[in-house]
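1. need a structure here:
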Amino acid sequence: MAFVTGDDPRVTSRPPLLARVSADRMHLVLMLVLTFGTGVVDAVGYLGLDRVFTGNMTGNVVILGMALVGGNGLPVVGPLVALGGFMLGAALGGRVLKGAAHAWTGRTSVLLALVGVLVLGLAVALLLVPDPAEPVLLSVTGVLGAAMGVQAATARFVAVKDVTTVVVTSTITGLAADSVLGSGRGGGTGRRLAAVVLITLGALSGAALLRFDLGLGLALGLFVEGGLVLLVVLVGWLHARASARAAAQETAADPDVASAQA
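-> Okay, here's the model as predicted:
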């Protein structure tokens, strides 16, 4: 693989550092970062928003089912609001990404940037309203659910196997089923284990933030999630840009490729 400099096409150079990382590996790392962030959000959401998950919709469905038969004073409105927001966010993500050609495009970056901005906006709002009333908390729940729905739809489009960023049930299933105790086929063990460990560490971190101050901890957890999402956007965009430039340089340096494309 040859890469040329702008001054002399006969002089070759190595591609940029980011471009040397394959798209599959980069997307895996970025989705794992989002998985950690989901652990943080679900922990602070469940503990700070009256036992509501904003990323793990399976948990909300179970809570809602138990609540509808009067299970131990469990909430009904909160899970419904989170479910509705999540579905709207996922629908938006699916609509925007409809017809997108590659796993990481400008649309991917825009959607994840929207997630980061929404979450950071909620964090700022919670700092400005230190003792929010129930309607405010429900609004936070709905918007946060929508943001996580957008993230889940975007992660689904990026399509890193076993890493949905919001749940790990299927990941744990694959980990156990393909282990030596199961089929013994192996494959993907490291990726699956990393997803499980990271969402656990995220939940641990989120719970730790709430130990001393519930309101402040909730806001800090959202700051962590929003910052991580925006970091993912930046790295993903830079990687896609570097890879595109490297591919263009390779085409320019190889007459056969250039003539074939012409």
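2. make it CA atoms for all contacts and neighbour counts henceforth
-> Fine.
3. so which strand or helix has residue 91?
-> Here residue 91 sits within helix 77-97, counting by DSSP states H and E.
4. Give me the buried positions along whichever helix or strand comes after that helix.
-> Counting by DSSP H and E, the element after helix 77-97 in chain order, helix or strand, is helix 106-128. Of all the residues in helix 106-128, those buried under the rule 16 or more other C-alpha atoms under 10 Å are 106-109, 111-123, 126-127.
5. repeat for stretch 167-185
-> By 16+ other C-alpha under 10 Å, the buried positions in stretch 167-185 come out as 167, 168, 171, 172, 174, 175, 176, 178.
6. wouldn't the first one be in contact with residue 56 here?
-> Spelled out, it's residue 167. Yes. In this structure, residue 167 is within contact of residue 56 by C-alpha atoms under 8 Å, at 5.8 Å.
7. wait, doesn't residue 116 sit right on residue 230?
-> Yes. In this structure, residue 116 is within contact of residue 230 by C-alpha under 8 Å, at 5.4 Å.
8. since we're on the closest residue to residue 57 other than its chain neighbours, how many residues are nearby?
-> Spatial nearest neighbour of residue 57, excluding adjacent residues (C-alpha to C-alpha, 6 or more residues apart in numbering): residue 83 at 6.6 Å. Neighbours of residue 83 under the rule other C-alpha atoms under 10 Å: 26.
9. wait, is residue 207 part of a helix?
-> Yes. Assigned with DSSP: H, G, I helix; E, B strand; the rest coil, residue 207 falls within a helix.
10. which non-adjacent residue is nearest it?
-> Nearest non-adjacent residue to residue 207 (C-alpha to C-alpha, 6+ apart): residue 43, at 5.6 Å.
11. which residues sit in contact with the one you found?
-> 53, 202, 203, 204, 206, 207 (C-alpha atoms under 8 Å, 6 or more residues apart in numbering).
12. my guess is the first one meets residue 40, correct?
-> Read it as residue 53. No. The pair residue 53 / residue 40 is not scored as a contact, 10.9 Å apart, by C-alpha under 8 Å.
13. low pLDDT regions in the stretch 1-150 of the chain?
-> 1-16 (pLDDT under 70).
14. returning to that earlier point: sort out which residues of the helix holding residue 91 are buried, please.
-> Using 16+ other C-alpha under 10 Å as the burial criterion, the residues of helix 77-97 that qualify are 78-94, 96-97.
15. now for it, which elements pack on it?
-> Using 3 or more C-alpha pairs under 8 Å, 6 or more residues apart in numbering; DSSP states H and E, the elements in contact with helix 77-97 are helix 57-67, helix 106-128, helix 134-158.
16. how far is the shortest one from where the chain is centred?
-> Spelled out, it's helix 57-67. 22 Å (C-alpha atoms, centre = their mean, to the nearest Å).
17. Check the last one too.
-> The offset between the C-alpha centroid of helix 134-158 and the centroid of the whole chain comes to 11 Å, using C-alpha atoms, centre = their mean.
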